[in-house]
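K.L.:
coords below, sequence missing:
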């Protein structure tokens, strides 16, 4: 009896773990793959830092300048603002995946900062 219980418990654990990992990896086809989204988000955060350093306060005239920066990011990665928004919303609704992605984004931005500092 005890042996059957342990087997059932192990089987249940395997099912739960496999379903969790499958959910994490299943990105819909209309959503940017994680690697590309990491690259885009890294550039978006770099752009946001640039905007802050230039003291652009998002008044009407500076919004156009800021939009130009974002437009460059989207052009660089060959995506539309809508694709970015849709992908960002999907990843935002999957916090475990987003958390893993931000670990890579932080590492990437830190490496870029170290290059600039040298």
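P.N.:
Thanks, I have it. Computed from a predicted model, the values in this text were never measured in an experiment. Numbering: from 1, shown residues only.

K.L.:
State the distance from residue 92 to residue 101.
P.N.:
Remark: distance between residue 92 and residue 101 (CB to CB, to the nearest Å) = 11 Å. For the C-beta atoms, the positions are set from N, CA and C on the backbone; glycine is no exception.

K.L.:
The two: which is more packed in?
P.N.:
residue 101 (18 against 10; other CB atoms under 10 Å).

K.L.:
Identify each buried residue in the strand or helix carrying that one, please.
P.N.:
Take DSSP states H and E as the rule and residue 101 turns out to sit in helix 95-117. For helix 95-117, a neighbour-count test (16 or more other CB atoms under 10 Å) marks 97, 98, 101, 105, 108, 109 as buried.

K.L.:
looking just at contacts, which helices and strands does that helix meet?
P.N.:
helix 34-53, helix 81-92 (3 or more CB pairs under 8 Å, 6 or more residues apart in numbering; DSSP states H and E).

K.L.:
Export those helices as a markdown table, with columns for mean pLDDT and distance to residue 64.
P.N.:
As requested, those are exported to a markdown table (pLDDT from 0 to 100; distance: least, CB to CB, whole Å):
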| stretch | mean pLDDT | distance to residue 64 |
| --- | --- | --- |
| helix 34-53 | 91 | 12 |
| helix 81-92 | 96 | 14 |
